[in-house]
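In: Generate a structure from the sequence data that follows.
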Amino acid sequence: MSDKTHDDKLARAAAALAKAEGLAAAPGSGRGRRSWTPPPEDLEQASSEADPDSVARAIVLRQLSMAPRSRAQLERKLSQRGCDPEVAARVLDRMTEVGLVDDEAYAEMLVRSKRDTKGLARNGLAHELRKQGIDQDTADEALGLVGIEDERAKAEELVAKKLRTMTGLAPDVQARRLAGMLARKGYSGEIAWPVIRDAVNDAPEHQRD
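Out: Next up, the predicted model:
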């Protein structure tokens, strides 16, 4: 999900929530893109007389203004701020209805982001999704975006890049280090070893004259 898509979705959902419940989170204007102003910090630090739902909404909106979040992440944040569990559930249910909280979209965004920036394989991506509290069915659907051929292509890309920094090392040392790198990213031996073997054997420095 691009920054613009996230901002546009957040603006639309925040506006819908504001219209329905009177929350002051109306979208503003910008050069070629829509934006909105997150609630001020003092809403999160409101007195004990403030409406608990309004305080919880302000906390959630501020979190979402910084980056997409899963429902579990938002639940943890609300708990840290001392919100009543029933209030948190009610507010998050409402924000799910208007599209502000969307674990399916979040899971797909996380899979694409971690794959592109970190080169994680399915196992590594599954671990990241569990960390963020994504349920198994939603995680499986998002992981369906990554096929075996996609994993192999990404492994080849990672190995080729790493191998360029390992010139002069013995082939077995290169292979061992490459295997460790791929294992840390969640690649299985079934995918990793053929890629490593081909890359090391085909490296110009290991070709016989």
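In: Provide a list of residue ranges in the protein with pLDDT below threshold.
Out: By pLDDT under 70, the weakly predicted segments of the chain are 1-50, 208-209.
In: That one: strands as residue ranges?
Out: For the chain, applying DSSP state E gives strands covering 27-28, 35-36.
In: hmm, who's touching stretch 173-181?
Out: Applying CB atoms under 8 Å, 6 or more residues apart in numbering, the contact partners of stretch 173-181 are 158-159, 162-163, 166, 169, 189, 192-193, 196-197, 199-200, 203. For glycine as for every other residue, the C-beta is placed from the backbone atoms N, C-alpha and C.
In: Need the CA coordinates for it. PDB is fine.
Out: Provided in PDB are the C-alpha atoms of stretch 173-181 (Å, rounded to 0.1, in the frame of the first residue of the first chain):
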ATOM      1  CA  VAL A 173      32.700 -20.700   3.100                       C
ATOM      2  CA  GLN A 174      30.600 -18.800   0.600                       C
ATOM      3  CA  ALA A 175      28.000 -21.500   0.500                       C
ATOM      4  CA  ARG A 176      27.800 -21.700   4.300                       C
ATOM      5  CA  ARG A 177      27.400 -18.000   4.700                       C
ATOM      6  CA  LEU A 178      24.800 -17.800   2.000                       C
ATOM      7  CA  ALA A 179      22.900 -20.600   3.600                       C
ATOM      8  CA  GLY A 180      22.900 -18.800   6.900                       C
ATOM      9  CA  MET A 181      21.600 -15.600   5.300                       C
END
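In: Use 41 as the first number for this chain going forward.
Out: Sure thing, new numbering starts at 41, so read that last one as stretch 213-221.
In: Now do the helices for the chain: every range, in order, please.
Out: 43-61, 81-84, 92-106, 111-120, 125-137, 143-158, 162-171, 176-183, 188-203, 211-224, 229-242 (DSSP state H).
In: these two touch, right, residue 192 and residue 235?
Out: Yes. Look at residue 192 against residue 235 with CB atoms under 8 Å: they come within range, at 6.5 Å.
In: Which one of the two is surrounded by more residues?
Out: The neighbour count for residue 192 versus residue 235, taken as other CB atoms under 10 Å, is higher for residue 235 (23 against 17).
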